[in-house]
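[1] Quick one: sequence plus predicted model below, questions after.
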Amino acid sequence: MAKIIGKALPNIPWEPRPANCRDVVWRYSQNPIVPRDAIPCSNSIFNSAVVPYKDGFAGVFRCDDKRREMRIHSAHSRDAIHWDIDPEPFNLVNPMAREVGPFVYGYDPRCCEIDGEYVVTWCNGYHGPTIGVATTTDFKTYYQKENAFLPFNRNGVMFPRKINGNYAMLSRPSDNGHTPFGDIYYSESPDLCYWGKHRYVMGTKGGWQSTKIGAGPIPIETDEGWLLFYHGVLTSCNGFVYSFGACLLDIDQPWKVLYRTEPYLLSPQRIYEQVGDVPNVAFPCAALSDAETGRIAIYYGGADTVICMAFCDVNEVVDFVKHNSKV
Ligand code: BMA
């Protein structure tokens, strides 16, 4: 029986697997949970991150506005399903603005609680995409730090505790466009400023993960290793198709892959994943987990347009990853 090593979350949103469903990961029946027009300025709201906060939940949401500029907005919720999204973009305080330039664009945020503060990472425009980093304690003011890496990079995903005494992050070096390649790497930092000890984690495989892969939610610590959900991309004759699977990484040396799913866990098959601004995209950026029951709620963007949820049980998903693995 795989166990989550972490906190209990008795108010985790949850819906049991439907009777007619045999999948390890099942969708929420009320998807999508956030429509594209939830705030007046939004063209689309997707690829967003949530965390437990005080007696409810908070989040950083990707909102592309009606100019089609990519922005990040704070959000709050009592139940992690119904969200109150700030109509204005997040307040990013950037003491380095003179040197590293003003905010250009931000997308695909992740949010990680570590040592009592929340580290937000996102794809930050700096002569092309790289990994922006900021900390917040109140989801009102975000204090920006140096970009973690040189351009071009995407999908910066922090680990929820220090590893070998350092902060740790997964990322995906890329190019300046709709990158046709991409492997996951691991890096460490003593101070959230200087990043090094870079290690290769894993690259593409066949089928749903044959073009590129990228880390999704903050990894979940289990007694079988770090459970990481990650997206994989297939190039079809009609364009990219984004699905997601999972892997288990070694606890002390997370660049060592113990198992990874050969089949996907979820691929774009529902209308809200297949039809939208970018068709055929299921893109996970966050997960809530309850160490008490082993329940996991995954948050993913549908078709670059809306936010969706899916559920799984840690023991079932770890078992599936182990028994359907090709490393
Ligand atoms: C990636 C990112 C994601 C997006 C995906 C599909 O490169 O831009 O934000 O969901 O493409 O368009």
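    Sure thing, it's come through. Numbering: from 1, shown residues only.
[2] Next, count neighbours for the closest residue to the ligand within the chain.
    Scanning the chain for the residue nearest the ligand gives residue 278, at 3.9 Å (criterion: CB to the nearest ligand atom). Where C-beta positions appear, they are placed from N, C-alpha and C, glycine not excepted. Burial measure for residue 278: 17 neighbouring residues, criterion other CB atoms under 10 Å.
[3] and if you look at residue 125?
    Residues near residue 125, counting by other CB under 10 Å: 18.
[4] returning to that earlier point: is it true that the residue of the chain closest to the ligand touches residue 304?
    Yes: counting by CB atoms under 8 Å, residue 278 touches residue 304, with 3.8 Å between them.
[5] And the strands in the stretch 1-150 of the chain, which stretches?
    Taking DSSP state E, counting those that start in this stretch as the test, the strands found in the stretch 1-150 of the chain are 26-27, 42-53, 56-65, 70-77, 84-85, 91-93, 106-114, 117-125, 129-136, 141-144.
[6] do the stretch 201-327 of the chain as well
    Taking DSSP E, counting those that start in this stretch as the criterion, the stretch 201-327 of the chain carries its strands at 212-215, 220-222, 225-236, 239-249, 257-260, 282-290, 295-302, 306-313.
[7] Figure out which of these is closest to residue 28.
    Among the strands of the stretch 201-327 of the chain, the nearest to residue 28 by CB to CB is strand 306-313 (4.1 Å).
[8] Just want the angle from that closest one to strand 239-249.
    30 degrees (axes from the mean of the first three to the mean of the last three CA atoms, to 10 degrees).
[9] Can you confirm whether strand 306-313 lies near the ligand?
    No: on the criterion CB under 6 Å from any ligand atom, strand 306-313 is out of touch with the ligand, staying 11.7 Å away.
[10] Residues contacting that strand, please?
    13-15, 17, 24-28, 31-36, 44-46, 48, 61, 81, 83, 265-266, 272-273, 276, 282, 294-302 (CB atoms under 8 Å, 6 or more residues apart in numbering).
[11] From residue 46, how far off is the residue most central in space within the chain?
    In the chain, the centroid-proximal residue (CA atoms, centre = their mean) is residue 285; its distance is 2.0 Å. Distance, residue 285 to residue 46, by CB to CB, to the nearest Å: 9 Å.
[12] Overlap in contacts, those two.
    62, 301.
[13] Tell me who's in contact with the residue nearest to the centre of the chain.
    Contacts of residue 285 (CB under 8 Å, 6+ apart): 47, 48, 49, 62, 108, 109, 110, 216, 217, 299, 300, 301.
[14] change it to 6 Å
    By CB atoms under 6 Å, 6 or more residues apart in numbering, the contact list for residue 285 reads 47, 48, 49, 110.
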